[in-house]
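Q: from the sequence below, what's the structure:
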Amino acid sequence: QVQLVESGGGSVQAGGSLRLSCAASGSIFNGNSMGWFRQAPGKQRELVARISSGGTTNYVDSVKDRFTISRDNAKNTVYLQMTSLKPEDTAVYYCNALIYYSLSRYSGLGSWGQGTQVTVSS
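A: The predicted model follows:
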């Protein structure tokens with residue numbers, strides 16, 4: 001069974017930093033793009049960062065220059081380093097493997113995990 005387990009969320013003040021981790025089963029991690037998504041209350045889930053199997057990265061404009069996605073292929077783990085956090089970054093963050101065409105066009109490959117809550121206060 002495909003599993004995705006996110007961790008590392010928490011509550012921080014604006015300007016703070018957090019590092020999220022996502023452990024994935026090898027069957028879905030190996031050779032696939034991985035993405036970090038977020039869903040704020042009342043909003044749709046959006047893809048905010050993606051990393052290809054070879055390390056190419058893409059970011060939505062709202063997180064560019066503040067968030068960094070990376071992956072450790074030996075550990076089947078993808079990370080999201082978040083800096084200069086803003087209240088509008090508050091959301092539940094999820095990861096998933098994906099077939100990627102663009103930040104607005106992709107197909108998720110795995111079942112969604114529980115996510116990890118990030119709360120940024122002003």
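
Q: just the strands in this protein please.
A: For the chain, applying DSSP state E gives strands covering 4-7, 10-13, 18-24, 33-39, 46-51, 57-59, 67-72, 77-82, 91-102, 105-108, 116-121.

Q: packing partners of the first one?
A: Using 3 or more Cβ pairs under 8 Å, 6 or more residues apart in numbering; DSSP states H and E as the contact criterion, the secondary-structure elements in contact with strand 4-7 are strand 18-24, strand 91-102. (Each C-beta comes from the backbone N, C-alpha and C, glycine too.)

Q: in the chain, which residue is most central in space?
A: For the chain, the residue nearest the mean C-alpha position is residue 36 (1.9 Å; Cα atoms, centre = their mean).

Q: pLDDT weak spots in this structure?
A: Applying pLDDT under 70 to the chain flags residues 1-2.

Q: wait, what's in contact with the spatially closest residue to residue 119 that is not a sequence neighbour?
A: Distances taken as Cβ to Cβ, 6 or more residues apart in numbering put residue 11 closest to residue 119, at 4.4 Å, once the chain neighbours are dropped. Going by Cβ atoms under 8 Å, 6 or more residues apart in numbering, residue 11 touches 119-121.

Q: before we move on, back to that, so which of the helices and strands packed on strand 4-7 comes closest to residue 115?
A: Residue 115 lies closest, by Cβ to Cβ, to one member of the helices and strands packed on strand 4-7: strand 91-102, at 4.1 Å.

Q: partner strands of that closest one, parallel or antiparallel?
A: strand 33-39 (antiparallel), strand 105-108 (antiparallel), strand 116-121 (antiparallel) (DSSP bridges).

Q: how about the first one as CSV, C-alpha atoms only?
A: What follows is strand 33-39 as a C-alpha-only set of coordinates in CSV (Å, rounded to 0.1, in the frame of the first residue of the first chain):
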residue,chain,number,x,y,z
SER,A,33,8.2,13.9,-9.4
MET,A,34,7.3,14.8,-5.8
GLY,A,35,5.2,17.8,-4.8
TRP,A,36,4.2,19.7,-1.7
PHE,A,37,0.6,20.9,-1.6
ARG,A,38,-1.3,23.0,0.8
GLN,A,39,-4.9,23.5,1.6
